[in-house]
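Enquirer: from the sequence below, what's the structure:
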Amino acid sequence: AVLRSSHTGILGATILGLGRALGETMAVTMVIGNNPLISPSLFSSGQTMAAILANQYAEADTLLQLSALTAVGFALFLVSLIVNGLARFVVWRVNQQYRSG
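Expert: Numbering: from 1, shown residues only. Here you go, the predicted structure:
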C-alpha cells in the first residue's frame, strides 16, 4: 500500500533527477573527458552543452562566439524545460489514474 501511494512521487523525482543530471556541469565534464571533438562512438570522450558554456563563455571574444554560446544556453534551457514539463505531466497522469482506479 505504501509503494502504491508513493509511486507518483518516486516517478516524478526520478524524471526531475534526470533533468538535473542533464544540466550538471563540472561533474559530467570531468567524467566524460571534456574533449571538443565529435566522435561516432558513444564510448569515446566528449563534451556536454553545459560544459561548452562553462569552458568557453569567459574567453568568447567575437559576437559570433557569444551568439553561438547563447544559442547553446537557450537549447539547454529548452531541454530542461521539456524534461520538467514531461515530469509534471507524468505525475499528473499517474495521479489521475490513481484517483480513478
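Enquirer: and the closest residue to Gln65 other than its chain neighbours, what are its phi and psi?
Expert: Excluding its sequence neighbours, the residue lying closest to Gln65 (CB to CB, 6 or more residues apart in numbering) is Gln56, at 7.2 Å. C-beta here means a position set from N, CA and C on the backbone, and glycine is covered the same way. Dihedral angles of Gln56 (phi, psi; degrees, to the nearest 10) stand at phi -110, psi -10.
Enquirer: Gln56 contacts Thr70, doesn't it?
Expert: No - judged on CB atoms under 8 Å, Gln56 makes no contact with Thr70 at a distance of 11.6 Å.
Enquirer: who has more neighbours, these two?
Expert: Counting neighbours by other CB atoms under 10 Å for Gln56 and for Thr70 shows that Gln56 has the greater number, 16 against 13.
Enquirer: do you know how far the more buried one is from Arg93?
Expert: Separation of Gln56 from Arg93 (CB to CB, to the nearest Å) stands at 39 Å.
Enquirer: for Ser44, helix, strand, or coil?
Expert: Going by DSSP: H, G, I helix; E, B strand; the rest coil, the secondary structure assigned to Ser44 is coil.
Enquirer: likewise Val94?
Expert: Taken by three-state DSSP, the conformation at Val94 corresponds to helix.
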